[in-house]
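# return a 3D structure for these sequence lines:
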Amino acid sequence: MFNWKLKAEKSADQESLSLEQVRTEMLQLMASESANHYRMGQLYNYVVDKELAQKAGYKDAQDYFSQKLADLSYSALRMYGAVAGGFSEQISVRFGVTCLHLLLIYKEAADLEVNHEEPGDTVIEVPGENGALTPKPFSSCSVEEMRRTIQRKRKPASSKPLPPEDLALADQFKEGVTSRFPKGVLVKVQVRNQKGKAVLDFKGIPVNDVATLVAALKALLPSGPEVPGVE
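All right, here's what the predicted structure looks like:
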């Protein structure tokens, strides 16, 4: 009975909402979700930076979270971590974690500079249905527009499109590698379309940190037969 009354009261309150009140509550709910995801990203980065999983006997952070938080997408967790490592919580709540993560991907694909304190003014060349590019500030771009823009950057006109599974795998390698390096080491992992094949380029890796790259790649490779040339 209590639950029925509670639902009835909520329904009555909802019936009196104005359109502006609906918009305001929607924004509040979106902000709460972004803040939660941002905090999850902070916690993920903490586990990775301190190597807590390895110290507890797990292979790495992915091994730990896959076992202990199986219902949580590990790719989503890495996304939260990337945003938490690149932006403040205030910016995360303002623009949304997903859109900011896409901005980080676009930044690498377009090789442009982004003001992490105020990313909203970043100019994004958004392709229309006819292929024409329209410059828009990031603050005015939707998630779908960002995805469309990134897809165009990754797909030269002379090459066939990259398979979605290849792009997803490339993103896993990029996030898995960059998350291994400490803050201040500006490592870049870029994916490009080479005649319809996804090719990864690694840039900015200090000579003394090559072992970190090797360890990251080995952790991302599926278990199975040994890869020739890799000990």
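
# going by C-alpha atoms from here, please, whenever you check contacts or count neighbours.
OK.

# starting at the chain centroid, how far to stretch 186-200?
On the basis of Cα atoms, centre = their mean, to the nearest Å, stretch 186-200 sits 17 Å off its chain's mean C-alpha point.

# sorry, wrong one. I was asking about stretch 141-160.
16 Å.

# next one: stretch 196-214
Its chain's C-alpha centre and that of stretch 196-214 lie 19 Å apart, by Cα atoms, centre = their mean.

# could you give the mean pLDDT of it?
For stretch 196-214, mean pLDDT rounds to 83.

# pull out the buried residues from that stretch.
Of the residues in stretch 196-214, 197-198, 200, 205, 212-213 count as buried by neighbour count, 16 or more other Cα atoms under 10 Å.

# tell me the two of those residues that are most distant?
Greatest spatial distance among the buried residues of stretch 196-214 (Cα to Cα): K197 and T212, at 26.0 Å.

# which residues does stretch 58-73 contact?
By Cα atoms under 8 Å, 6 or more residues apart in numbering, the residues outside stretch 58-73 that reach it are 47-48, 51-54, 74, 219.

# just the buried ones from these, in PyMOL syntax?
Buried residues within these, by 16+ other Cα under 10 Å, are selected in PyMOL with:
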select buried, resi 47+48+51+53+74+219
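
# reformat the contacts of stretch 58-73 as TSV; add pLDDT, secondary structure and distance to H116.
Below are those laid out as TSV (pLDDT from 0 to 100; DSSP: H, G, I helix; E, B strand; the rest coil; distance: Cα to Cα, whole Å):
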residue	pLDDT	secondary structure	distance to H116
V47	94	helix	23
V48	93	helix	22
E51	93	coil	26
L52	95	helix	28
A53	93	helix	29
Q54	94	helix	31
Y74	90	helix	24
A219	82	helix	29
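
# give me the residue at the spatial middle of the chain.
Closest to where the C-alpha atoms of the chain average out (Cα atoms, centre = their mean) is M79, at 3.2 Å.

# doesn't that residue fall inside a helix?
Yes - residue state for M79 (DSSP: H, G, I helix; E, B strand; the rest coil) corresponds to a helix.

# any idea how many residues pack against the residue lying closest to V97 once chain neighbours are set aside?
Leaving aside its chain neighbours, V97 sits nearest to S34 (5.9 Å; criterion: Cα to Cα, 6 or more residues apart in numbering). For S34, the number of neighbouring residues by other Cα atoms under 10 Å comes to 23.

# hmm, V93 and S34 touching each other?
Yes - the pair formed by S34 and V93 meets the contact definition of Cα atoms under 8 Å, at 5.2 Å.

# show me the domain layout of the protein.
Domain ranges of the chain: 1-86, 156-221, per automatic domain parsing.

# run through the helices of the protein in chain order.
Using DSSP state H, the helices of the chain run over 2-15, 19-49, 52-55, 61-68, 74-86, 89-95, 97-110, 143-154, 164-178, 210-220.

# dump those to JSON lines, plus distance to G131.
JSON lines is the format used below for those (distance: least, Cα to Cα, whole Å):
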{"stretch": "helix 2-15", "distance to G131": "43"}
{"stretch": "helix 19-49", "distance to G131": "31"}
{"stretch": "helix 52-55", "distance to G131": "46"}
{"stretch": "helix 61-68", "distance to G131": "39"}
{"stretch": "helix 74-86", "distance to G131": "29"}
{"stretch": "helix 89-95", "distance to G131": "26"}
{"stretch": "helix 97-110", "distance to G131": "17"}
{"stretch": "helix 143-154", "distance to G131": "9"}
{"stretch": "helix 164-178", "distance to G131": "20"}
{"stretch": "helix 210-220", "distance to G131": "36"}
